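Student: A predicted structure for the sequence below; I have some questions about it.
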Amino acid sequence: MNTTNVLPRTIVTRVVGVSYEGRQKIVSELKRGETVFLVRDPDNAYDRNAIRVILGDERQVGFVNRDLAAKLAPILDQCEGVLRATVAALTGGYDPSSFRGALVRFTLPE
């Protein structure tokens, strides 16, 4: 059995793209345990499997990395293109020149 495409039921992953388009301010306001949403972005010019990470008010935190997005896109397409996640951890921001980051945790639908 080929297990390379098998995903664990619960996934924790780093949000990418947090240093673009003013997203550092949004990341700096995140709280551990806060709800975010993974939203399919099939019209993305750079990646047809793109999955945005957004807040409930639709401000964008960043994206799911390209490799994971390729595996998750078909799953999200089957559940209306949205999956609820939580902020699992916050990283960086230790000094003014350090970027902030976030990890999110979500559970795949059965």
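Tutor: Perfect, thanks for sending it.

Student: pLDDT below threshold where in this structure?
Tutor: Low-confidence segments of the chain (pLDDT under 70): 1-8.

Student: That one: helices as residue ranges?
Tutor: For the chain, helices defined by DSSP state H occupy the ranges 23-28, 66-78.

Student: Just send these back as CSV, with distance to residue 102 and mean neighbour count too.
Tutor: Heads up, the C-betas are built off the backbone N, CA and C, glycines and all. Compiled in CSV, the helices of the chain are given as follows (distance: least, CB to CB, whole Å; neighbours: other CB atoms under 10 Å):
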stretch, distance to residue 102, mean neighbour count
helix 23-28, 6, 16
helix 66-78, 15, 16
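
Student: out of the ones you listed, nearest to residue 36?
Tutor: Closest to residue 36 of those, according to CB to CB: helix 23-28, at 10.3 Å.

Student: ok, the nearest residue to residue 78 once chain neighbours are set aside - how many residues close by?
Tutor: Setting aside the residues directly before and after it, residue 78 is nearest to residue 109 in space (CB to CB, 6 or more residues apart in numbering), at 7.8 Å. For residue 109, the neighbour count with other CB atoms under 10 Å is 10.

Student: shift numbering so it begins at 50
Tutor: OK, 50 is where the count begins now, so the last one is residue 158.
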